[in-house]
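>>> using only what follows, build the 3D model:
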Amino acid sequence: MKTVVVLGGNQMACPAIARIQQHGFHVVAVDGSAEAPARDVADRFVQQNFSDVPATSAALAEIEFDGVIPLNDFAVRAAATIARERNLPGWNEFAELCFTSKVAMKRCWMESGLPTAHCVFSTVAQLVAGRFPQWESWPAVVKPAFSGGGSRGVFVAHGWGEVQAGLSEVASTYLDGDVVIEEFVKGTEHTLEVLICRGIPTLLSISDKENYPGNDTVVQKLHFPGPIGHSLRTKLERLVFAACAAMRLTDGTTHFEVLIRNGEPVLLEVGGRPGGGLNFHPICEISTGYDYPGLLAAALTGGLPNFTRKPAEHLVWHYFPRGEGVLRAIDGFGEIKEQPDVVDAEMYEQVGKARLDLRNDLARPGYVLVRSISNAEARERAARLVESVQFVTADQEGDKP
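So this is what the prediction gives:
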């Protein structure tokens, strides 16, 4: 029996861990929290903050394993380093750099002549001190070179004053101090899951994204498979495969963020791990028929992935609207989780606390994930379920989405 180390053990990791076990793998879960839900699902649990790469390698030193899977951006460096130390399939040093620095990633794509949003690079220290790069394209997207994902620290600015003000609020999320200032490109946004095995990429899924109204950085709805993205599948596939080649990818999986402008795709960024949360499982398997955890576990343990597909359905991942005030009650959510077409539903807001502010993807109220035979039906059903939930706040009678 082969053993897989999974770096990440939150609640959303548990379905993927269980799926990997169903393929006959022994799973060792690693997480910094002693209370990580994966402790009760994995075959073995190691408490370790995997952002500390040497400590993670040392914590696993006495364990024999055949592959290592990172489930978030913080885990990519540790997974890549440990795979190289043990001569296992994984990311080389150049690929690791591209995945852990948007500066390196963007330079790689620009030097390869790939279409990506125009940008300049700076540092938090330089910008706060008023030393600005040559840039005249406003509005612009300001983002950290590395923050751990989840849209942490990303904001839109209309001038240098707003850049400085924005950085003063989120500078702590710019973990390496590097800043990417990028043109604000209007178009439709999409995510793509691309698995690479022995240097050969396979496009698994394409989603369409919709941000919250009036918000340029936080996603409210995702559609799997994405009707808009799939209408340009050939162009998207050609572009992300070229990006994989430019980054010298060999074995692993990637989560691409792509924008389509006037019918042409533009690269935004990429992570060297599966899409966050339920993307890894069960979203990919339900919406494409591909057994994503099984494919990745096979690729990263030296095996050959089986790309046989099962029948697929449509999914809509719909987050609840935001609101103001302190929550007094949440009405109607309990009934949602019992519906047969609901794959999953979670509520992150808590009674007695202020409603979440959408400062990044981690500050969304909660969601419902709905399956159906068509995108239109899934979209309509998800909207009705979201509307059925009432958020009652202390300063008003009710806040109905």
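>>> please spell out which residues along the helix or strand containing residue 45 are buried.
If you go by DSSP states H and E, residue 45 is part of strand 44-47. Buried residues in strand 44-47, counted by 16 or more other CB atoms under 10 Å: 45, 46. Bear in mind the C-beta positions are built from the backbone N, C-alpha and C, glycine included.
>>> run the chain-centre distance for it.
Relative to its chain's centre, strand 44-47 lies at 24 Å (CA atoms, centre = their mean, to the nearest Å).
>>> check stretch 182-189 too.
18 Å.
>>> next: stretch 260-268.
On CA atoms, centre = their mean, the centre of stretch 260-268 falls 19 Å from that of its chain.
>>> if we can go back for a sec, residues making contact with the strand holding residue 45?
Residues from elsewhere that reach strand 44-47 (CB atoms under 8 Å, 6 or more residues apart in numbering): 9, 26-34, 36, 38-39, 59-60, 63.
>>> all helices for the chain, in order.
14-22, 53-59, 73-85, 93-100, 102-111, 124-128, 160-170, 227-231, 233-246, 283-288, 292-300, 333-336, 375-387 (DSSP state H).
>>> just put those in a markdown table and tack on mean pLDDT.
Formatted as a markdown table, those follow (pLDDT from 0 to 100):
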| stretch | mean pLDDT |
| --- | --- |
| helix 14-22 | 97 |
| helix 53-59 | 98 |
| helix 73-85 | 97 |
| helix 93-100 | 97 |
| helix 102-111 | 97 |
| helix 124-128 | 96 |
| helix 160-170 | 95 |
| helix 227-231 | 96 |
| helix 233-246 | 98 |
| helix 283-288 | 98 |
| helix 292-300 | 98 |
| helix 333-336 | 92 |
| helix 375-387 | 97 |
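>>> among those, which comes closest to residue 319?
Closest approach to residue 319 among these is made by helix 375-387 (8.2 Å; CB to CB).
>>> render the CA-only coordinates of that closest one in PDB, please.
The C-alpha trace of helix 375-387 is given here as PDB (Å, rounded to 0.1, in the frame of the first residue of the first chain):
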ATOM      1  CA  ASN A 375     -26.400  25.200 -15.400                       C
ATOM      2  CA  ALA A 376     -29.600  27.300 -15.700                       C
ATOM      3  CA  GLU A 377     -31.500  25.000 -13.200                       C
ATOM      4  CA  ALA A 378     -28.600  24.900 -10.800                       C
ATOM      5  CA  ARG A 379     -28.200  28.700 -10.900                       C
ATOM      6  CA  GLU A 380     -31.900  29.300 -10.300                       C
ATOM      7  CA  ARG A 381     -32.100  26.700  -7.500                       C
ATOM      8  CA  ALA A 382     -29.100  28.100  -5.700                       C
ATOM      9  CA  ALA A 383     -30.500  31.700  -6.000                       C
ATOM     10  CA  ARG A 384     -33.800  30.500  -4.400                       C
ATOM     11  CA  LEU A 385     -32.100  28.700  -1.600                       C
ATOM     12  CA  VAL A 386     -29.900  31.800  -0.800                       C
ATOM     13  CA  GLU A 387     -33.000  34.000  -0.900                       C
END
